[in-house]
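Visitor: predicted coordinates and the sequence they were generated for:
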Amino acid sequence: MNSSTHPTIIVGAGFTGLFTALHLRHQHDFRSITLIDPQERFVFKPMLYELLTGELPDDTICPTYEELLQGSGINFVQDKVAAIDLQEKRVHLACGLDYTYNYLVLAVGSIQGYLGTEGAQENAFAFRTRENALALERQLRDCLLHASQTKDEQQRRSLLTFAVVGAGPTGVEMAATLADLLPYWYAQLGGNIHEIRIVLINHGKTILSGDVNASLKELALQAFKTRTVLVELVLGVGVKAVHPDRLEYQPANSSEINTLLTQTTIWTAGTATNPLIQSLSTQISAGHLDQHGLPLVTPTLQLLDFPEVFAAGDCADVQQQRQPALAQVAYQQGASIAHNLIALTKGASPSPAHVNLRGTLMKLGMSNGVANLFDKVQITGKPGDIIRNVTYLEMLPTPLHDFKATTEWLKEEIFHRYHRPNLVSQTAAKQPPLSASEQRNRSLVKALAILAPIAFLIAAYLGLRTPPSEQIRQPQMNSTTQPTP
Ligand SMILES: Cc1cc2nc3c(=O)[nH]c(=O)nc-3n(C[C@H](O)[C@H](O)[C@H](O)COP(=O)(O)OP(=O)(O)OC[C@H]3O[C@@H](n4cnc5c(N)ncnc54)[C@H](O)[C@@H]3O)c2cc1C
């Protein structure tokens, strides 16, 4: 077995892990950093819908670590961490390699949970990874294609019924997006878009219940009614089983089992603890785990029994300050961990991580979103969608990449790739085609119509964004800083 020694190991290169590493480098801390993740690409999860819909290209939503870390001097190891020995300060990789550390950052996130539902893991489509998004796209396109070709009415109905389980933010965003996307794709195949059903199924009686987005419930319900096809709600029911061709659910206080014929169930209900974190439970005292088995960390994001280990994001629970499982939380915690690692290296005390939640952003259909500023002002529709996109695109890790992504998105906006397949567009299709100069003028007007309000929207968006500079208020490190011995 090979063994290498690195002072700072970061396990998981998602929002917490990647941004910890990048913030260390932005603070001119040139310690030896090893960042370990089994994936080749970072996944910008809040915009995974844009990968599904094709609104943004793969490289923008899921850039490779090679591209993101180019020239950073960060050692990226593409492998899965199979075990960690906290006493021995040793990380064991699936390939057999071991690394020892002086400081460890646990940033492995969470995994999809299925609440023990029969057949859900095997038959439902999850939506958390790039592979999930690509598999779902293939399924949706296959169903629409077969539906456009079959003469069997019952089969067509089940091919055109799409169930989304879980009415938290992911389920709501997914249902609203599909209600615009699927008619658009089906119209291209010549299908009757009115045969499409999007059914959102939830255990609770309301959508977005208990979530940071709960105040957006009415806006989301309104959006469901105004999509290209209506989103149907089945609330207050428990899903009992998912089969390849149907889903079974039971209303609360009833023994009756209902069946929904569908070949596509998308599962967004529940998360589970990452197995690597579960495996640490024998090394962490039971009183230092929360009710989900997540390690409790101090406000400075250190494990209670192992102060050289930081943990944050979806895989840790901050003592007495529970944070929602959000990218904006993980991103800010990554900056705090970097700040504290630098403090420890200088012999200073780590400081508590301050997370500012300034608002939330939701996609409520194609070219439709809501920006919820400070839970006071809600900007909806197209402007809300623009703020959401600009905010997220700005969060993408490298400036060069960020610039490229923003310009690609603006180009899409201006040339308007997406049209809702409705009667208006059918009428428009009967009109004579525009001349080249008319088309140019029209594009120019569209560009101006979009770009003019952007100045205002950017100002609003600045209210949402938490600049890294606000999180790390400390003098720059000397560039000759040595790795921790
Ligand atoms: C569809 C979707 C939409 C979302 N939308 C929003 C949104 O609009 N706004 C928002 O704020 N949040 C949103 N979130 C939540 C947000 O993405 C998460 O809270 C955030 O990604 C958590 O960051 P993290 O660093 O804890 O974990 P992640 O970003 O999940 O990163 C964990 C990393 O660890 C790696 N890993 C896992 N196991 C191992 C192992 N054994 N060894 C090594 N590496 C490992 C994984 O490959 C992954 O790269 C969304 C989530 C989803 C799924």
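Guide: Perfect, I can see it now. This structure is a prediction, so every number in the text was calculated from the model and none was measured.

Visitor: now the element after the helix or strand containing residue 9, going C-ward?
Guide: According to DSSP states H and E, residue 9 maps onto strand 8-11. Moving toward the C-terminus from strand 8-11, the next helix or strand (DSSP H and E) is helix 15-26.

Visitor: tell me the buried residues in that following helix?
Guide: Going by neighbour count (16 or more other Cβ atoms under 10 Å), the buried part of helix 15-26 is 15-26. In short, each C-beta sits where N, CA and C put it, glycine included.

Visitor: quick one: list the elements packing against that helix.
Guide: Helix 15-26 sits against strand 8-11, strand 33-37, strand 103-106, helix 327-345, with contacts defined as 3 or more Cβ pairs under 8 Å, 6 or more residues apart in numbering; DSSP states H and E.

Visitor: ok, and what's touching the strand holding residue 9?
Guide: For strand 8-11, contacts defined as Cβ atoms under 8 Å, 6 or more residues apart in numbering pick out 17, 20-21, 24, 31-36, 81, 84, 91, 99, 101-108, 276, 341, 483-484.

Visitor: who's in contact with the residue of the chain at minimum distance from the ligand?
Guide: Nearest residue of the chain to the ligand: residue 14, at 1.7 Å (Cβ to the nearest ligand atom). By Cβ under 8 Å, 6+ apart, the residues touching residue 14 are 37, 42-43, 107-109, 313, 330.

Visitor: any idea how far it is from residue 20?
Guide: Residue 14 sits 10 Å away from residue 20, going by Cβ to Cβ, to the nearest Å.

Visitor: again, but for residue 120
Guide: Computed as Cβ to Cβ, the residue 120 to residue 20 distance reads 33 Å.

Visitor: next, count neighbours for residue 311.
Guide: By other Cβ atoms under 10 Å, the residues close to residue 311 number 28.

Visitor: again, but for residue 291
Guide: Other residues near residue 291 come to 6 when the count uses other Cβ under 10 Å.

Visitor: is it in a helix, a strand, or coil?
Guide: Look at residue 291: counting by DSSP: H, G, I helix; E, B strand; the rest coil, its state is coil.

Visitor: circling back: now tabulate the buried residues of helix 15-26 in CSV and tack on pLDDT.
Guide: Listed next are those as CSV, based on pLDDT from 0 to 100:
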residue, pLDDT
15, 94
16, 96
17, 97
18, 94
19, 92
20, 95
21, 94
22, 91
23, 91
24, 93
25, 90
26, 87
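
Visitor: ok so, going back, quick check, the strand holding residue 9 touching the ligand?
Guide: Yes. Strand 8-11 is in contact with the ligand by Cβ under 6 Å from any ligand atom, via residue 11.

Visitor: average pLDDT for that strand?
Guide: The predicted model assigns strand 8-11 a mean pLDDT of 98.

Visitor: next one: it to chain centre, how far?
Guide: 22 Å (Cα atoms, centre = their mean, to the nearest Å).

Visitor: wouldn't residue 52 be in contact with residue 138 here?
Guide: No. Taking Cβ atoms under 8 Å as the definition, residue 52 is not a contact partner of residue 138, at 10.6 Å.

Visitor: mind listing what's buried in stretch 118-132?
Guide: In terms of neighbour count (16+ other Cβ under 10 Å), stretch 118-132 has its buried residues at 119-120, 123-130, 132.

Visitor: stretch 81-97 too?
Guide: Here stretch 81-97 shows 81, 84, 86, 89-93 as buried, counting by 16+ other Cβ under 10 Å.

Visitor: for the stretch 151-300 of the chain, just list every one of the strands.
Guide: In the stretch 151-300 of the chain, strands defined by DSSP state E, counting those that start in this stretch lie at 161-165, 197-202, 231-235, 237-243, 246-251, 258-261, 264-267, 271-273, 296-297, listed in chain order.
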